[in-house]
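>>> Pasting the sequence and the predicted model now:
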Amino acid sequence: MEIMHELRIGLFDPGMTYLHRLGLAGLYMTLQSVQESEGRFGELRFELTDVSVLMRWRNNGRETFDKLFRTAFGINESSPEGLIDFAAHRKLGRGDLQRYEMHQAILGSFLQHNKQNKIPTGTSRKRLVASLEGKQVVMEYRPLVGPYAHSCAANSLIDERGRLTKAVPIKNWLFPGAAERHSSLSGTEIQENPARFMCLLFAPVASLYFRISHKGRDGKIDGRQRTAICIPHVTNLKEYARCYTRYLRAPVQMLVANGLGDAGLSALVLLRSDDSIQEPGIAGCTVIMMGEAKWSTQQQSRTGVLYLQDVKQEVLASFESALRCFPHTIVFKGPNEADQRAEYFFSTSLARGLIAENIASGREWFAGFSQLMSSSELFKQVRYEKGGLAKMVQSNTDESAKKFIEAVHVAMRNRFGALAARAKQRGEKIRFDTEFERMRTGLMRAKNPQTLRSELADFFARGGVNTVLQKSWEQILTVFISRDWQRSRDLALIALASYAGKEVEQRAEDEPENNEEE
């Protein structure tokens, strides 16, 4: 006698977190891609709606689900061999470098442990050769050599009698950050029912991944921030499946971010990029940061989380302005002498990372700019973004702030002119960098309204006759005497970083930009 089994998963069922809902979208996309006939995959029949997935199968379903999982979570057998190959992505026109970046991100998050990725110790690395911006690049990666944890999960879903299991233990590879409370005691691990387990299993299929490149105060790459997993808050399975294809087809330059806010807002911009689609099936996103924690340097741990909920269109418009002003760039290493092929890495914008965090939190885009000026090493990096800062000031700042920054620029120009004249008279070399550093440290030493006003008053006094200050003193005064002295200091520091006189060109010649990857 044949027994019909059924499993229905609703987008808004009890216990469905944002990660579960995203996983349901991954299951939806997979079933769409593997159906052999209308609503059917082998012995498995299914019905897809905007908010649910219904699956039916006869008798023992272990073989059916084993076939589904091995098809859904595949491995690329042709060149580039050994890369993760999700069935839901196969026919969507992804480039090899996009597939490489996703492979690296998943091995640094969901499948980082050998128990899950099943990569034997000592497996030879493979090379991917592709064209990028007119150059031939070569990248090395660890290939998968056999079925990994997701493709072998049928036994966790279906028991030996062919029935759905009552509960499945959840590990970190299914839910980043999940942990067993007491490893020596049973019943202290996280458990899920079969429906929610299925969702977690397919979450990697519908996630967005960004490689993170963030520099700390010392100017070196921060190992705590390596990979960001973006989890959109899905509200409509059909619309989200359609929007997700834009991420898969995005240029590789868009798959890098400077931090949590940059990754989260970049994900939302990619998903919402088509103006003809008013409803992208999402209401926000959660971003999980994976990196090296002090307590566990051998693996990637969850080191940060950001929630973006009900993000308004004007917020995305502000961030799109930052995208134009501060694009992340690709830096090539090589080519090598053997085959004239180069490697690449990403140089991300420090300013954009801070701006994204501010926009995501509803603050003014330049709030906390002093963080980027807290050391001479960071200042050296930020000064190369003076053009983008000037554009952001013009397009996203109020008039009083613009006049204040303009007055600071005039004072700087006059001060540098006086120093140049004095140095020429004495036959000395003009040390503009010393004066830049004096200005930066003077502003950074200000720790209250009184010391900041004293520093600014001395700064303007040294700047000589200032026509902008004379004509717009009423507007500038509102910034000068503002109770929000940190905002005034941030604006003064932005003026310092965005100054574009010929003195900056002199400094750039003296100190060339360092693009070496850390």
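Noted; the coordinates are in hand.

>>> Flag the shaky bits of the stretch 401-518 of the chain, pLDDT-wise.
502-518 (pLDDT under 70).

>>> can you pull out the helices in it?
Applying DSSP state H, counting those that start in this stretch to the stretch 401-518 of the chain gives helices spanning 432-445, 449-462, 467-471, 473-480, 485-498, 502-510.

>>> Can you list the helices and strands that the fifth one packs against?
Using 3 or more CB pairs under 8 Å, 6 or more residues apart in numbering; DSSP states H and E as the contact criterion, the elements in contact with helix 485-498 are helix 386-396, helix 399-426, helix 432-445, helix 449-462, helix 473-480. Bear in mind the C-beta positions are built from the backbone N, C-alpha and C, glycine included.

>>> related to what we said a few turns ago, mean neighbour count, the helices of the stretch 401-518 of the chain: which tops it?
Sort the helices of the stretch 401-518 of the chain by mean neighbour count, taking mean count of other CB atoms under 10 Å, and helix 485-498 sits at the top with a mean of 23.

>>> what does that helix rub up against?
Helix 485-498 is contacted from outside by 364, 366-370, 372-373, 379, 382-383, 385-386, 389-390, 393, 401, 404-405, 408-409, 412, 436, 439-440, 443-444, 446, 448-449, 452-453, 456, 459, 479-480, 482, using CB atoms under 8 Å, 6 or more residues apart in numbering.

>>> Direction-wise, compare it with helix 432-445 and give the angle.
With axes from the mean of the first three to the mean of the last three CA atoms, to 10 degrees defining the directions, helix 485-498 sits at 170 degrees from helix 432-445.

>>> Residue 135 pairs with what?
In this structure, residue 135 bridges to residue 132 when assessed by DSSP bridges.

>>> doesn't residue 342 make contact with it?
Yes. Counting by CB atoms under 8 Å, residue 342 is a contact partner of residue 135 at 5.5 Å.

>>> Touching both of the two, which residues are there?
332, 335.

>>> where's the nearest residue to residue 285 once chain neighbours are set aside relative to residue 311, distance?
Spatial nearest neighbour of residue 285, excluding adjacent residues (CB to CB, 6 or more residues apart in numbering): residue 232 at 4.5 Å. Using CB to CB, to the nearest Å, residue 232 is found at 11 Å from residue 311.

>>> and the two? which has more neighbours close in?
residue 232 (28 against 21; other CB atoms under 10 Å).

>>> wait, isn't that one in contact with residue 22?
Yes. Using CB under 8 Å, residue 232 is in contact with residue 22, at 6.3 Å.

>>> which neighbours do those two share?
With CB under 8 Å, 6+ apart as the test, residue 232 and residue 22 both reach residue 206.

>>> Count the residues that sit near residue 118.
Using other CB under 10 Å, residue 118 is surrounded by 16 other residues.

>>> Same check on residue 327?
13.

>>> Doesn't it lie inside a helix?
No. With DSSP: H, G, I helix; E, B strand; the rest coil as the criterion, residue 327 is assigned coil and is not in a helix.

>>> which residues touch it?
253, 349.

>>> Give me the pLDDT value at it.
Per-residue pLDDT puts residue 327 at 92.

>>> where does it sit relative to residue 136, distance-wise?
Separation of residue 327 from residue 136 (CB to CB): 23 Å.

>>> circling back to that earlier point, need the overlap of contacts for residue 232 and residue 311.
268, 284.

>>> Can you report phi and psi for residue 128?
Main-chain torsions, residue 128, degrees, to the nearest 10: phi -110, psi 130.

>>> and it, what does it touch?
Counted by CB under 8 Å, 6+ apart, residue 128 has contacts 80, 83, 96-97, 100, 138-141.

>>> So which of these are in strands?
Using DSSP state E, 138-141 are the members of the contacts of residue 128 that sit in strands.

>>> Turn those into TSV, columns for neighbour count and pLDDT.
Putting the ones in strands among the contacts of residue 128 into TSV (neighbours: other CB atoms under 10 Å; pLDDT from 0 to 100) gives the following:
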residue	neighbour count	pLDDT
138	18	90
139	22	91
140	11	91
141	16	94
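
>>> sorry, back to before: which one of the helices of the stretch 401-518 of the chain lies closest to residue 283?
helix 485-498 (31.2 Å; CB to CB).

>>> and that closest one with helix 386-396, angle?
130 degrees.

>>> what's the angle between helix 485-498 and helix 473-480?
110 degrees.

>>> Any idea how far helix 485-498 is from the middle of the chain?
26 Å (CA atoms, centre = their mean, to the nearest Å).
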